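S.K.: need coordinates for the below:
(chains A, B, C and D)
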4 protein chains.
Amino acid sequence: MSVVLGANQYGKAEVRLVRVDRDSPRHRLTDLSITSQLRGDFAATHLVGDNSGVIATDTQKNTVYAFARDGIGAPESFLARLARHFLARPQVTGGRWAAEQYGWDRIGGGPVPAAPDATATDTTGTDATAAPDATGHDHSFVRSGGERRTALVHAGASADGTPQLTVLSGLRDATLLKSTGSEFHGFPRDRYTTLPEATDRILATDVTAWWRYTDDFAAEALAAGDGGAAFDARYDAVRAILLETFAGLHSLALQQTVFAMGKAVLDAYPEIAEIRLSCPNNHHFLVDLEPFGLDNPGEVFFAADRPYGLIEAAVTRADDEAGAGPGGGSGGEVPGAPAGPRPEHPVWATIGGFV
Amino acid sequence: MSVVLGANQYGKAEVRLVRVDRDSPRHRLTDLSITSQLRGDFAATHLVGDNSGVIATDTQKNTVYAFARDGIGAPESFLARLARHFLARPQVTGGRWAAEQYGWDRIGGGPVPAAPDATATDTTGTDATAAPDATGHDHSFVRSGGERRTALVHAGASADGTPQLTVLSGLRDATLLKSTGSEFHGFPRDRYTTLPEATDRILATDVTAWWRYTDDFAAEALAAGDGGAAFDARYDAVRAILLETFAGLHSLALQQTVFAMGKAVLDAYPEIAEIRLSCPNNHHFLVDLEPFGLDNPGEVFFAADRPYGLIEAAVTRADDEAGAGPGGGSGGEVPGAPAGPRPEHPVWATIGGFV
Amino acid sequence: MSVVLGANQYGKAEVRLVRVDRDSPRHRLTDLSITSQLRGDFAATHLVGDNSGVIATDTQKNTVYAFARDGIGAPESFLARLARHFLARPQVTGGRWAAEQYGWDRIGGGPVPAAPDATATDTTGTDATAAPDATGHDHSFVRSGGERRTALVHAGASADGTPQLTVLSGLRDATLLKSTGSEFHGFPRDRYTTLPEATDRILATDVTAWWRYTDDFAAEALAAGDGGAAFDARYDAVRAILLETFAGLHSLALQQTVFAMGKAVLDAYPEIAEIRLSCPNNHHFLVDLEPFGLDNPGEVFFAADRPYGLIEAAVTRADDEAGAGPGGGSGGEVPGAPAGPRPEHPVWATIGGFV
Amino acid sequence: MSVVLGANQYGKAEVRLVRVDRDSPRHRLTDLSITSQLRGDFAATHLVGDNSGVIATDTQKNTVYAFARDGIGAPESFLARLARHFLARPQVTGGRWAAEQYGWDRIGGGPVPAAPDATATDTTGTDATAAPDATGHDHSFVRSGGERRTALVHAGASADGTPQLTVLSGLRDATLLKSTGSEFHGFPRDRYTTLPEATDRILATDVTAWWRYTDDFAAEALAAGDGGAAFDARYDAVRAILLETFAGLHSLALQQTVFAMGKAVLDAYPEIAEIRLSCPNNHHFLVDLEPFGLDNPGEVFFAADRPYGLIEAAVTRADDEAGAGPGGGSGGEVPGAPAGPRPEHPVWATIGGFV
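M.R.: So this is what the prediction gives:
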């Protein structure tokens, strides 16, 4: 019954990297917080403090900054570059590289695009027919909100011993609210049930989502030589689908909305194998104004902090294309897996607060 | 040398109020955190626990919700309604009512306007020639960022004993960055100086600003019967001026930028008596890539958390119009005040972390 | 390739429960934040908004408060009561119940004990020979810090279809620092390595730990009828071991310290099957005072915020007693499991930000 | 009506300074966050970006670290050293230096004292008769909580043009709760009042307090050559009085408790001229268990986040010793000031969120 080292990883967390692309007077800005974590044969440092195999976390941080010198591109691509670099070291057999990206708009214009376009320099006017990023200041920016784009590259062991890269994209804290078009009733009533049935309520949430690309798609997108433009395009499109589905569905339960949001994404993009959503139910309670001689026809609400509902769901595919395991085969998917509940993809165990 | 009660105030803080305007199928949303604080003759509760004059903080909260039943309008107007209500109570001689407002965009559209317009219902298309709020979903919204609009109504004692309302508007945490067009050099060097001179640096800050309206303007705007539309208009315009000035000025110091931002606002709006800005210098340090055999021509930065510079300044007017005291006269300004440093308007002492 | 619902759970998060035990004039206080999440057959609500099987999250919250009427005991025991209650519902096949507990000291005394003792009422004096909780005020308390005790009861599917309860205890944000007795050197140097070797540095961290009890121990402790006193005792003892090991070990790497902390716990308590630790390396950088003509012999440090190192490790047992899977057998452990890396216990996949 | 620069200040905020005193093997630890802000003639940088008078905020930070080389002592003393240093520069006419201090206990022992004592090295035993700091590890520490000691040195203009130092001490976020001995009733009821009268409720708050020393006392304590030991002693004593008064008073209103806390401090220490307290009323609502067929005799509570009551009061002295203005006279107090409401001491206008 001897005590042994189990799973372990280490690295540098929240490396705050801001990169200015100043190839033209019309600067672009990439603003990231990056975490690099390595797995492998690190027993010696744990057991006896022998660091001869330990790539210092400071070195990991330096590598992030050095790699940024060549440009960043989509965060998924940048993380994959880091992954491959560290996986080339003999002691590293896996790892996890994650990013949060903060959005910026040009002052007087719109969001800074991921890739440069040919638009000319600063203009204070607004030409609605112009190409994207045609307006706004050349080198002055305003942060566009608390919502963040996220990315994750995970390297786990595969059947043949080669680390298999898994790529996820996501978003955090997209705060959504609909002021009608939401009901909640028909739930069972027991001794502890006091909630009245609601046929018209506010539905509000902060969407956190992670979607996993098929290994084939990820491999192609990473190999494309365009800095991961496919990831940028998917991010924008998936975000739009999530918001539009939230808006469009007449909701009978937040669970229904959450599943619909995920399903809409999977319906639209076969290259997305599965998606997980974690959505608090940010309760807005109708204030009882009757003691003051007033009615309250769905107009005045108290926005509560805690407790809150919490709805978490994975939306996946019924057959084998979506794969789950990190196993062999082209792209790491698992054709011919048996029916029944498939095992979870191991990347999910590394994502906290989620299903 | 007996011990006595000094200045005191009490109230309810951070009342989270969300109001849905559902006069038409095209809902509007007002999302506020409101704090109500009363001053007056409350010695009995402090000294002997006699609460016969204490308007319970719970009652203050209820009043906020009840008043919201009639609509909110600009936060400045709503706070003034609360102020007048509580000031009518004999034991209340002053107070402070404050609000933070969270912005929402329509999903698929732009910001929800403060006032309704005649635009028809939901459309997924975008017509750039249409009136404001022409696009986006009727009743589904997405939070537009961490930046918040703020408002403050202060009631202090005046010469004739009538509480004088002072109205301030502001914004918090507008995060701005310019990637060039900023220098800092020529500062004195002493034994403890190591900072190199910079002729091209990132300048980044989170703007917090408060501006005080002249009493005449505030009184007119509150009396206009339009829910304080003048405050809404000023807010949008002042925010735009602050951002554009930050963007446009080639900066030799954050102090210069801060003063220019304030001056531009006062130049544009005579009805604004003074403005105060509190702006951290969010340091972005150029990473030294030389140890890795790389140059770094202003492209790769480390965004530091702490410590940070902190620049705070009031921008005011040289003559008497701006007034400072809450004293008598039409509008409470102080014509004929002596030259030299004017006393600060007492409202500023109630605003923390600021000059 | 149809889209289907995958893993899902829902519940009420961060139910803030404060219970006063006033059986005697010497009150005791239990202060918790509780999260209840249910898993089971909830496809109908996700797919078509049919809530007939959905135990409302509001009902879950009510149940927490109602159960607290009978007393709380150790958080592990309270969570297990909730678990059994909800698992008795046919649609619930599993779940996750978690708690954070905030510590309080008596004003003028020490920590409030989990269980009552016979000590008499309030005394301002301090008698070091008295029983625990002999001093301090009867009903006035001061929060004892940012550190929190945590607990988790997880119900997963077992071989025979009966949900198997797994019990974990932990702590969060115990901030530790040693001002000497820490080195870090001998790490490999590559193109991106600039970190100097350190033979005497500050080592600082915020310990987050989770330990899993054997199923046999957990079952016994829950059945003991003493409100889970065994969990309270283990918590105090494990916390002390973690701190003492951190203090006592001359550290050659934070990894070494982390493993030693975990090993010391497992060495002391056979009823703990495994433990996981997540420990940031809160960097304290020696300030270079040489430009000011000063030396700095390990005395003046800059405490950095970000980035930070992050060391995460599981410490487990080499043989089968520790078990990993939720499978059959008495207590759910897995005697006779094959050699090689055992599968992770499924509870770990539900704990975020951790290995 | 030209626009001019008003009040302004600038500096470096939240310089995180950790100092290890290693004069003996029994280390002591001082952990501070320091903010330095200068006032003076800085118009040139604001108006035209001329920085020739601007002591860079980076230089201010360096000065903090360089000064720490000689030891820190009480935070009040350290801030005064900084103040005098910067005030010696011709362009600096005033300023504000503030600190937050984080507490640490020895692992296995008690709080690390501010000043060294003669106690021998590490011991695992506990000798209740020994001098302070007799137990616990020599160089390993655990953070003692979220509560923080605060200090402030303010330099304002005085009658003769010499900047006058004002010294304040304080504490933040001492979270207190009494589970009985608190009532609230007898308050007026109007149209918006629904709160029931309470004869036994939980009273909970997070105490923030600032007390101002008389100028004479501050000058003596700073001149004593003992690193400000008088401030350390006062801090411990005032904190104890605040907690004991909270505990001991049967409260009829939080206002009564707040005033009593302040009065007890002023009664005990004539060298404290005035004290201000800001205390949220952290509501603990009795949960209605009747729908579940249960009573709730003051045992089960919901701890709410927002909104919260907010009680703020200054406690001062009736006669002139307490002074208010920074004006002339020995020690800057104002003997012979006229009756009636004295002007506030200008330092209070620099402290946010407070009366």
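S.K.: is chain B contacted by stretch A:79-89?
M.R.: No. With Cβ under 8 Å from any Cβ of the partner chain as the criterion, chain B is not reached by stretch A:79-89; the gap is at least 12.6 Å. Just so you know, the C-beta spots here come from the backbone N, C-alpha and C atoms, and that holds for glycine as well.
S.K.: tell me the buried residues in that stretch?
M.R.: Residues A:79-83, A:85-87 are the ones in stretch A:79-89 that count as buried (16 or more other Cβ atoms under 10 Å in any protein chain shown).
S.K.: restricted to strands, list those residues.
M.R.: Among the buried residues of stretch A:79-89, no residue falls in strands (DSSP state E).
S.K.: beta partners of residue A:286?
M.R.: Under DSSP bridges, the beta-bridge partners of residue A:286 are residue A:301.
S.K.: so it sits right up against residue A:303, yeah?
M.R.: No. Using Cβ atoms under 8 Å, residue A:286 makes no contact with residue A:303, being 11.4 Å away.
S.K.: more crowded one of the two?
M.R.: Ranked by neighbour count (other Cβ atoms under 10 Å in any protein chain shown), residue A:286 and residue A:303 place residue A:303 first, with 20 against 17.
S.K.: can you tell me the closest non-neighbouring residue to that one?
M.R.: residue B:16 (4.1 Å; Cβ to Cβ, 6 or more residues apart in numbering or on different chains).
S.K.: ok, residue A:261 - contacts?
M.R.: Counting by Cβ atoms under 8 Å, 6 or more residues apart in numbering or on different chains, residue A:261 makes contact with A:207, A:209, A:241-242, A:245-246, A:277.
S.K.: then residue A:314?
M.R.: By Cβ under 8 Å, 6+ apart, the contact set of residue A:314 is A:262, A:274-276, A:348, A:355, C:5-8.
S.K.: redo those as CSV? Include pLDDT.
M.R.: Rendered in CSV, the data for the contacts of residue A:314 read as follows (pLDDT from 0 to 100):
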residue, pLDDT
A:262, 98
A:274, 97
A:275, 98
A:276, 97
A:348, 92
A:355, 54
C:5, 97
C:6, 95
C:7, 94
C:8, 96
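S.K.: quick check: the two most widely separated of those?
M.R.: A:348 and C:5 (15.1 Å; Cβ to Cβ).
S.K.: residue A:286 versus the closest residue to residue A:178 other than its chain neighbours, what's the distance?
M.R.: The shortest distance from residue A:178 to any non-neighbouring residue, by Cβ to Cβ, 6+ apart, is to residue B:140 (4.4 Å). Residue B:140 sits 19 Å away from residue A:286 when distances are taken as Cβ to Cβ, to the nearest Å.
S.K.: same check on residue A:299?
M.R.: Using Cβ to Cβ, residue A:299 is found at 9 Å from residue A:286.
S.K.: repeat that for residue A:78.
M.R.: Using Cβ to Cβ, we find residue A:78 at a distance of 46 Å from residue A:286.
S.K.: hmm, back to that, who wins for neighbours among the contacts of residue A:261?
M.R.: residue A:246 (28 neighbours).
S.K.: could you double-check that that residue sits in contact with residue A:176?
M.R.: Yes. Using Cβ under 8 Å, residue A:246 is in contact with residue A:176, at 5.1 Å.
S.K.: neighbours of the residue of the stretch 201-350 of chain A at minimum distance from chain D, just the number please.
M.R.: Residue of the stretch 201-350 of chain A nearest chain D, by Cβ to the nearest Cβ: residue A:305 (4.1 Å). Residue A:305 has 15 neighbours, counted by other Cβ under 10 Å.
S.K.: show me the contacts for the nearest residue to it once chain neighbours are set aside.
M.R.: Leaving aside its sequence neighbours, residue A:305 sits nearest to residue D:305 (Cβ to Cβ, 6+ apart; 4.1 Å). Residue D:305 is in contact with A:305-306, C:16, counting by Cβ under 8 Å, 6+ apart.
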